[in-house]
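In: give me a model of this one.
(2 chains)
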Protein chains: 2
Amino acid sequence: MILYSIAWSVSEKPGSQAILPLARANKEVYIFRSKLKLGIMLVRSARRFAGHSGRGTRKWTSVFDASSFRSVTSRNGIATTADSDFLSSWRQYSVATSFKSQGILRQGVAENVEAAHIPADISADELVVNPSAFLKPKPALDASKLRFGAEYTDHMMQIRWKEGLGWSNPRIEPFGPIPIHPCAQVLHYGMECFEGMKAFKGKDGRIRLFRPDLNMERLHGSATRLGFPSFDKEALLDCIKALVLVERDWVPDKDGFSLYIRPTIISTHPHLGVGPPREAMIFCVLSPVGPYYPTGLKPVRLFVDRKHVRAFPGGIGDAKVGGNYAPTILPQLKAAQRGCSQVLYVLDDGRDGGAIGESGAMNVFFLFKKDDDSLELVTPPLDGVILPGVTRDTVLALTRSFGNIKVSERRLSWNEVEEAGLQGSILEIFGTGTACMIQPIIGLVKEDNTEITLSFDHDAASYWLSKPQGSSTNANADGSEPFNLCGRLTRTILDIQYGHSSSSWSVVLGE
Amino acid sequence: MILYSIAWSVSEKPGSQAILPLARANKEVYIFRSKLKLGIMLVRSARRFAGHSGRGTRKWTSVFDASSFRSVTSRNGIATTADSDFLSSWRQYSVATSFKSQGILRQGVAENVEAAHIPADISADELVVNPSAFLKPKPALDASKLRFGAEYTDHMMQIRWKEGLGWSNPRIEPFGPIPIHPCAQVLHYGMECFEGMKAFKGKDGRIRLFRPDLNMERLHGSATRLGFPSFDKEALLDCIKALVLVERDWVPDKDGFSLYIRPTIISTHPHLGVGPPREAMIFCVLSPVGPYYPTGLKPVRLFVDRKHVRAFPGGIGDAKVGGNYAPTILPQLKAAQRGCSQVLYVLDDGRDGGAIGESGAMNVFFLFKKDDDSLELVTPPLDGVILPGVTRDTVLALTRSFGNIKVSERRLSWNEVEEAGLQGSILEIFGTGTACMIQPIIGLVKEDNTEITLSFDHDAASYWLSKPQGSSTNANADGSEPFNLCGRLTRTILDIQYGHSSSSWSVVLGE
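Out: Numbering: from 1, shown residues only, chains lettered A, B, ... in the order given. Presented below is the predicted three-dimensional model:
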């Protein structure tokens, strides 16, 4: 009887190297290694491999004889070695490792060996790094020259997915174009979702992410809404961390600068019918960015857009998907013609002048001073129409912790904003987002070009921004410090992001 | 004085070949040929070229001396030959034509020649064909095997665009993957729009398009809404026609079969900021398709979705953009679980159970029998929420021409449909679209799994489908023919599409 060992998961880094020594040591080893997490190893008379606990085999779990192997495959769906993807990945592997692939392959086919396919999840353990032969010079950390999203690092991370096969091993590859089938769903049906995150390098030289679990959660939600396959959120985050560590020299070590992280999921399924994707990929690129505004907080104006609707109840305004962005470009250009840097979307729901939504790239907050001199910070609720921003959640939590401001997630009508604005009882308006962090707003320009104007206390904001690093948590209890919520929030978040003050929100890499 | 001839448009097919003979004939010719429509040719002492009317020069319009040339460039914006795109396209051109590019290039640079850039529109005259070395076998015209959108022809058409430069010359290239920058807007922000068209081969062997001007009009509208550059609609159509003619052997010569045409516009602008595209491309692929249903009209059920909203007033439901499709996949899967092939979107606008919209991939029509036995065909109006379908418009026009049916584009409430359905006064429901053409619907399944069911007169439909080709226009005036609007419309449209009956809607290629 011929026994077969089946390695359900061969998972050294890089995965392929783990198999090689074993294979070379035994002339009778047949290896069928796809790009899948499920590596399958067939070994004649190889009982001695069972339970092997050395390098490269620590995840082996079972030994079957030929008959039980077949029964396993039939339980889990069968793909023969004639499967073209399987063969092609095998050829790639064997070329890379100088194996006599054709001989082994033919032998395998001749024996009609069948491989069991269990859809694989992402495994950070199987990450393969293919370093770039050419490293670019890093850009100068000059805030006035480093445009957002225009510079890219040397590498990118990719994970492929195929229906029935699952997620491939993650790969860190040289940064470069992705060849995409002209019929891939991502080019036709907006089958794409993404996240925006940042890595920060503190004075201690350590690299930190800010609440990355929230980004993974949201990415998973966006993907699910579009019909993309599920994935292990922690494993994906581990792969992203690995990419950032490979590019650690690209993380700017200057205050206010950071490495922007863009994980993206696209459907590469080449089919013109509208349907669920059968092929997809996750990729992640990195871009060094400066502070949104080089010299402190620079307030901007928003155009109050009651004509264009970004999202609506029953739609997918709460998912970070491509299709939510393309339609905002034209309204944004029209806003720019009126001197406004972005749009404030107000959804006409037939009540009180409509509901304040968000700003397309930012959530929005309004700080009201009530008749009794109490303060209320209001932002629209997560009703499915606005994006559940990470910075939004951060601002809510921090402001609640400050203690002297009522914090409300509630419907905010345009009439309420306009009335309060005219009465001078809006203290601050600001937008929040990963790119801009806290963006003060001093004007809301209406269709008729009239404007609700606020003043912005630059001195108070500067006080907070120039406070010693790490001192944000030591606000004077007596309230003797100048009041500026934008400034205080910015200082507090920066302190956490750069590690000046400790917080469970800050995740240090490589530890 | 040195005179310069400026060829504003060197436009033989392929464009580059047109210049070559001239250049070889005159050692003093300097040619700077970008990928633009605006080809610039500088010729020392070349007055003799002025007004030349031979091949390759018939579009020359002006001769300037050096000083006026400079004044032209300064009026239209200046890009020096150090412009990297210009240089690179020149190198590509000169490599292709075995020119001593480097020498000429250096000479040009040394003289500090400046090239005028006038953003160029699409020019079908400049189309270049790069034939594939390998032609695939054509698929068998077996309606049960030829899946929609799964087979592709040997070639595709591409036109690139860059801000300031305009549209490149159109190219027909071997079908293959498009290398896309991982930060290109199309992968992140849904910057994509498309069309669906078909080419039909009649018994006479001639190839016809069906109302292609409407597709170009709509594509231009979709592109404009997303901030894409404008383009010459007729020129693009000419390029698409050229592609179809290159692939004429791929147009199935079997009734009900056709060549599906998918022109697409994507933003290739590699920038993570959300803003207007600075680079884009149009591409067009072709896919041979069979009849939607091999054996006549096969009625389906729709799931009445009141939870998911496809589009909304103020949104972009009337544009054919990628972001309108990705969100429909999950609702469609849920509908499939209930035995429904698609979704009927009903928008809750607070009145009468909501407004009937469309079906995600089809417009919808309802044929009511009134109390006085008169007939009314109703479809929702073009209010910005539904797609202005070409087949929709065709059905409206044809049904009006039939004469005995009132045709209404009006708001249709769910309550009206439900009531009429329960009373049995809905004669027919059908969807329309380029892919399915006329799709009879016999059931509307509600959230509570109750269903409004219609009967479908298969015999009457078959009567119309099996009528002699070209006889659709000869409906018996006495009304003695069996009534089935789906069947009659299908027969009438097929007759036009395949050239059995003459119509201005049918555009014959190559004539």
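
In: residues of the stretch 251-400 of chain A that sit close to chain B?
Out: A:260, A:262, A:264, A:266, A:271-276, A:283, A:285, A:287, A:307-309, A:312-316, A:321-330, A:332-333, A:348, A:350, A:360-361 (CB under 8 Å from any CB of the partner chain). Where C-beta positions appear, they are placed from N, C-alpha and C, glycine not excepted.

In: hmm, which of those are the buried ones?
Out: A:260, A:262, A:264, A:266, A:271-272, A:274-276, A:283, A:285, A:287, A:308-309, A:312, A:314-316, A:321-330, A:332, A:360-361 (16 or more other CB atoms under 10 Å in any protein chain shown).

In: for the stretch 201-350 of chain A, what spans make up the helices?
Out: A:212-226, A:233-246, A:329-337 (DSSP state H, counting those that start in this stretch).

In: make JSON lines out of those and add mean pLDDT.
Out: Formatted as JSON lines, the helices of the stretch 201-350 of chain A follow (pLDDT from 0 to 100):
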{"stretch": "helix A:212-226", "mean pLDDT": "98"}
{"stretch": "helix A:233-246", "mean pLDDT": "98"}
{"stretch": "helix A:329-337", "mean pLDDT": "96"}
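
In: and residue A:494, what does it touch?
Out: A:255-256, A:437, A:469, A:472, A:500 (CB atoms under 8 Å, 6 or more residues apart in numbering or on different chains).

In: in what helix or strand does it lie?
Out: For residue A:494, the element it lies in under DSSP states H and E is helix A:485-497.

In: next secondary structure after that helix?
Out: In the C-terminal direction from helix A:485-497 (assignment by DSSP H and E), the next one is strand A:506-508.

In: can you tell me the residue of the stretch 351-500 of chain A closest to chain B?
Out: Per CB to the nearest CB, residue A:361 is where the stretch 351-500 of chain A lies closest to chain B, at 6.0 Å.

In: got phi/psi on that residue?
Out: phi -120, psi 0 (degrees, to the nearest 10).

In: give me the residue at the spatial middle of chain A.
Out: residue A:195 (3.4 Å; CA atoms, centre = their mean).

In: so that residue is in contact with residue A:285, correct?
Out: No - look at residue A:195 against residue A:285 with CB atoms under 8 Å: they stay out of range, at 11.6 Å.

In: residues in contact with both of those two, list them for me.
Out: Common neighbours of residue A:195 and residue A:285 (CB under 8 Å, 6+ apart) are A:262, A:264.

In: just list the residues touching residue A:195, thanks.
Out: Contacts of residue A:195 were listed using CB under 8 Å, 6+ apart, and they are A:215-216, A:218-219, A:261-264, A:320.

In: can you check residue A:430 too?
Out: Taking CB under 8 Å, 6+ apart, one finds A:364-365, A:438-441, A:485-486 in contact with residue A:430.

In: 10 Å - rerun?
Out: A:297, A:299-300, A:362-367, A:377, A:379, A:395, A:436-442, A:456, A:485-486, A:489-490 (CB atoms under 10 Å, 6 or more residues apart in numbering or on different chains).

In: hang on, the earlier thing: so how far is the helix holding residue A:494 off the chain centroid?
Out: Taking CA atoms, centre = their mean, to the nearest Å, one finds the center of helix A:485-497 at 22 Å from the center of the full chain.

In: pLDDT averaged over it - what is it?
Out: Helix A:485-497 shows a mean pLDDT of 95.

In: excluding chain neighbours, what is closest to residue A:250?
Out: Spatial nearest neighbour of residue A:250, chain neighbours left out: residue A:153 (4.5 Å); criterion: CB to CB, 6 or more residues apart in numbering or on different chains.

In: so how many other residues sit close to the one you found?
Out: 22 (other CB atoms under 10 Å in any protein chain shown).

In: that one in helix, strand or coil?
Out: coil (DSSP: H, G, I helix; E, B strand; the rest coil).

In: and the pLDDT at it?
Out: 97.

In: reformat the helices of the stretch 201-350 of chain A as CSV; add distance to residue B:177.
Out: Formatted as CSV, the helices of the stretch 201-350 of chain A follow (distance: least, CB to CB, whole Å):
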stretch, distance to residue B:177
helix A:212-226, 22
helix A:233-246, 24
helix A:329-337, 27
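
In: quick one: which of the ones you listed is nearest residue B:338?
Out: Counting by CB to CB, residue B:338 lies closest to helix A:212-226 out of the helices of the stretch 201-350 of chain A; the figure is 19.4 Å.

In: got the angle for that closest one vs helix A:233-246?
Out: Using axes from the mean of the first three to the mean of the last three CA atoms, to 10 degrees, the direction of helix A:212-226 lies 120 degrees away from that of helix A:233-246.

In: for the residue in chain A that chain B sits nearest to, which non-adjacent residue is closest in space?
Out: At 2.0 Å from chain B, residue A:323 is the closest residue in chain A, using CB to the nearest CB. Nearest non-adjacent residue to residue A:323, counting by CB to CB, 6+ apart: residue B:323, 2.0 Å away.

In: okay, now the unreliable bits of chain A?
Out: A:1-118, A:294-295, A:473-479 (pLDDT under 70).

In: repeat that with 80
Out: A:1-118, A:292-296, A:471-479, A:511 (pLDDT under 80).

In: tell me how it divides into domains.
Out: Using automatic domain parsing, the domain parsing of chain A gives A:2-116, A:124-289, A:300-508.

In: dump the ones you listed into CSV; add distance to residue B:448 as well.
Out: Below are those laid out as CSV (distance: least, CB to CB, whole Å):
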stretch, distance to residue B:448
domain A:2-116, 36
domain A:124-289, 24
domain A:300-508, 18
